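Enquirer: sharing a sequence plus its predicted fold:
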Amino acid sequence: MNTEEKYVIGVDFGTSSVRALLINADNGEEKSVSEFFYPRWNQGLFCDPSRNQFRQHPLDYIEGIEFVIKDLIEKAGENVRENVKAISIDTTGSTPVAVDEKGVPLALNPEFKENPNAMFFLWKDHTAVQEAEEINNYASEFETNYLKYVGGIYSSEWFWAKLLYALRKDAAVKKACFSWVEHCDWMPFLLTGGKNALAIKRGTCAAGHKGLWAEEFVGFPPEEFFSGLDTSLKNIRKNLPDKTYSADKVAGTLSAEWANKFGLSTNVLIGVGALDAHMGAVGGQIEPYFLSKVMGTSTCDMMVAPGEEMKETLVRGICGQVQSSVVPGMQGMEAGQSAFGDIYAWFRELLFWPVKNMLSESELINKETAEKLQQEIKNNILKKLNSEASKIPLSKDLELAVDWLNGRRTPDANQLLKGAITNLSLGSDAPKIYRSFVEATCFGSRKIVERFKEEGIPVKGIIGVGGVAKKSPFIMQMMADVLGMPIKVHKSEQTCASGAAMFAATVAGIYPNVEVAMHKLGQGFEEEYQPDLDKHEIYILRYEEYKSVCGFLEK
């Protein structure tokens, strides 16, 4: 084997699991893949969906990264182990946690080990709706518009709203909290052996899109902005840095402790972290003015544009626009939908509930057989729904749904909004209702495309990445028909981890910048969905009705 071969690792912390990819940085060949499902999360611990509370214990992340990287190396072999050059990490976001002075999440201390407020607030945790509203109202009183780079509206899904909620809700957390850290910033700090919260290298990505950081403000907004909002936030700002780093920069080297756990060298470089959709857009080979739709439980819709072309353009109602947040050197813009695949999963669980409970209680079959049947049925519900829904003739009079089952992210964040379904009749069956929700998610995507265009940003094409894009031709064809635009689907099964690996290759100096890494390591596109223009004309009529129902719900 050529000892000069270089390998890098990309790690993607998703909602339910962490996935990792080890690639040959010279040619993009995948040497091994690994996945670890969070045990506490998948037991439903520390979560209360009825309150939109979704928390994750840091041990899920720690156990996860140890498993996947050791597993990658064992699968790839000893020769690869010696030539791993760098590791880069992406995570969901905004997914922050309270830490002590040493940068240790409070939930890792014995007195907080069962306290959800001391754990990571997952991206889809919406317990801070009131706090977000207060931030929006308060920010409007300032001469400086501190919300200008986050679309003008602060969301309950983001950094400061969640911190304010935690400090108000829990006196013990408030007393122990030294700082508040995004998951994507904490993981590199952990792997590099960090012992001082003040030394955490904050990524431009999360800080700019979720934390109100901006070069124009010389960092985060000033102390008086936060302490004036609520005295609970006093002194938090002073423990945050003014400088942030793009994800092509080095966070440090692998600590001796983690090098020993992984069986790797302490010379392995650790990159600055970023949000999953941002690295996923890079893994999906994003191009200027192409909307990269990272389609999973939610969607994150990414776009990049040369900064000199954007000039002073600010896009209303999106999830931020930040220089160097997606592709270093370009302006990154983020939009998205708070629920996408989550809606399909919710409908599956709705249908599955009676089956699950009746089989569990049945005296006609034993427990093992019941569990096998349950799993088989659950695994095939969406497949069957997609098949049957695809056969329904399109007409303007079908059931019509609104996709706000987890609130609205873009355009114009409002997590208080709820979903709905109209045009129900005694002829409405499961495939028709499922079809209406698929259509609603496509209409939500159209709203995002229209907002960019309204604000003067051209949308030259659509790139689909993620699980939904890869696995559901029915959904992707409907998306193309609704948008009236072709959609290119990226070939990679792990675009987020792949993007992280591209950043790792840049961090290691194997490539001069991320654009070159994308070109050299990208897998290209496997399929392109072309719109049916006859159906598109019908969808235009139904989209107008969708907007009418949306307007009614907002009032």
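Expert: Thanks, I have the structure now. Just so it is clear, the structure is predicted and the values come from calculations on it, not from any experiment. Numbering: from 1, shown residues only.
Enquirer: how about the residue most central in space within the chain, nearest residue that isn't a chain neighbour?
Expert: For the chain, residue 92 is the residue whose C-alpha lies nearest the centre (CA atoms, centre = their mean; 4.2 Å). Excluding its sequence neighbours, the residue lying closest to residue 92 (CB to CB, 6 or more residues apart in numbering) is residue 123, at 4.5 Å. Using the backbone N, CA and C atoms, a C-beta is placed for each residue, glycine as well.
Enquirer: so the residue nearest to the centre of the chain is in contact with residue 17, correct?
Expert: No: contact between residue 92 and residue 17 fails when scored by CB atoms under 8 Å: they sit 11.2 Å apart.
Enquirer: now the chain, which segments are flagged as low pLDDT?
Expert: By pLDDT under 70, the weakly predicted segments of the chain are 1-3.
Enquirer: switch the cut-off to 80
Expert: Scanning the chain for pLDDT under 80 picks out the ranges 1-4.
Enquirer: now do the helices in the stretch 401-550 of the chain.
Expert: 430-454, 467-471, 473-483, 495-507, 514-521, 533-554 (DSSP state H, counting those that start in this stretch).
Enquirer: what about the shortest one, distance to the chain center?
Expert: Using CA atoms, centre = their mean, to the nearest Å, the distance from the centre of helix 467-471 to the centre of the chain it belongs to is 15 Å.
Enquirer: list the helices and strands it packs on?
Expert: Contacts defined by 3 or more CB pairs under 8 Å, 6 or more residues apart in numbering; DSSP states H and E place helix 467-471 against strand 290-295, helix 473-483, strand 487-490.
Enquirer: now mean neighbour count and distance to residue 58 too, for the helices of the stretch 401-550 of the chain, in JSON lines please.
Expert: Below are the helices of the stretch 401-550 of the chain laid out as JSON lines (neighbours: other CB atoms under 10 Å; distance: least, CB to CB, whole Å):
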{"stretch": "helix 430-454", "mean neighbour count": "21", "distance to residue 58": "32"}
{"stretch": "helix 467-471", "mean neighbour count": "20", "distance to residue 58": "25"}
{"stretch": "helix 473-483", "mean neighbour count": "22", "distance to residue 58": "34"}
{"stretch": "helix 495-507", "mean neighbour count": "32", "distance to residue 58": "20"}
{"stretch": "helix 514-521", "mean neighbour count": "20", "distance to residue 58": "29"}
{"stretch": "helix 533-554", "mean neighbour count": "15", "distance to residue 58": "37"}
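Enquirer: looking at those, spot the one closest to residue 333.
Expert: Of all these, helix 430-454 sits nearest to residue 333, with 7.8 Å by CB to CB.
Enquirer: what's the angle between the closest one and helix 473-483?
Expert: Counting by axes from the mean of the first three to the mean of the last three CA atoms, to 10 degrees, helix 430-454 lies at 40 degrees to helix 473-483.
Enquirer: in CSV: the helices and strands packed on helix 467-471, plus distance to residue 452.
Expert: Below are the helices and strands packed on helix 467-471 laid out as CSV (distance: least, CB to CB, whole Å):
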stretch, distance to residue 452
strand 290-295, 7
helix 473-483, 12
strand 487-490, 16
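Enquirer: to residue 514, which of the ones you listed lies closest?
Expert: Using CB to CB, those put strand 290-295 closest to residue 514, at 13.8 Å.
Enquirer: who are the neighbours of that closest one, in terms of helices and strands?
Expert: Secondary elements touching strand 290-295 (3+ CB pairs under 8 Å, 6+ apart): helix 276-283, strand 299-306, helix 430-454, strand 461-465, helix 467-471.
Enquirer: 6 Å instead?
Expert: helix 276-283, strand 299-306, strand 461-465 (3 or more CB pairs under 6 Å, 6 or more residues apart in numbering; DSSP states H and E).
Enquirer: now the last one: buried residues?
Expert: If I follow you right, that is strand 461-465. 462, 463, 464, 465 (16 or more other CB atoms under 10 Å).
Enquirer: and the helices of the stretch 401-550 of the chain: which comes nearest residue 308?
Expert: Taking the helices of the stretch 401-550 of the chain one by one with CB to CB, helix 514-521 is closest: 16.1 Å.
Enquirer: got the contact list for that closest one?
Expert: 28, 248, 285, 327, 502, 505, 506, 511 (CB atoms under 6 Å, 6 or more residues apart in numbering).
Enquirer: tell me the one of those residues nearest residue 291?
Expert: For the contacts of helix 514-521, the nearest to residue 291 is residue 285 (13.3 Å; CB to CB).
Enquirer: wait, a helix at residue 11?
Expert: No: if the criterion is DSSP: H, G, I helix; E, B strand; the rest coil, then residue 11 is strand and not within a helix.
Enquirer: quick one, what contacts it?
Expert: 20, 89, 500.
Enquirer: export these as CSV, with columns for distance to residue 47.
Expert: Below are the contacts of residue 11 laid out as CSV (distance: CB to CB, whole Å):
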residue, distance to residue 47
20, 24
89, 23
500, 26
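Enquirer: for the residues you listed, which one is nearest residue 292?
Expert: Nearest member of the contacts of residue 11 to residue 292, counting by CB to CB, is residue 500, at 15.2 Å.
Enquirer: I'd say that closest one and residue 88 touch.
Expert: Yes: applying CB atoms under 6 Å, one finds residue 500 in contact with residue 88, separated by 4.5 Å.
Enquirer: any shared contact partners between those two?
Expert: residue 10.
Enquirer: what would the contacts of helix 514-521 look like in a markdown table with distance to residue 538?
Expert: Compiled in a markdown table, the contacts of helix 514-521 are given as follows (distance: CB to CB, whole Å):
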| residue | distance to residue 538 |
| --- | --- |
| 28 | 42 |
| 248 | 45 |
| 285 | 33 |
| 327 | 37 |
| 502 | 40 |
| 505 | 46 |
| 506 | 46 |
| 511 | 46 |
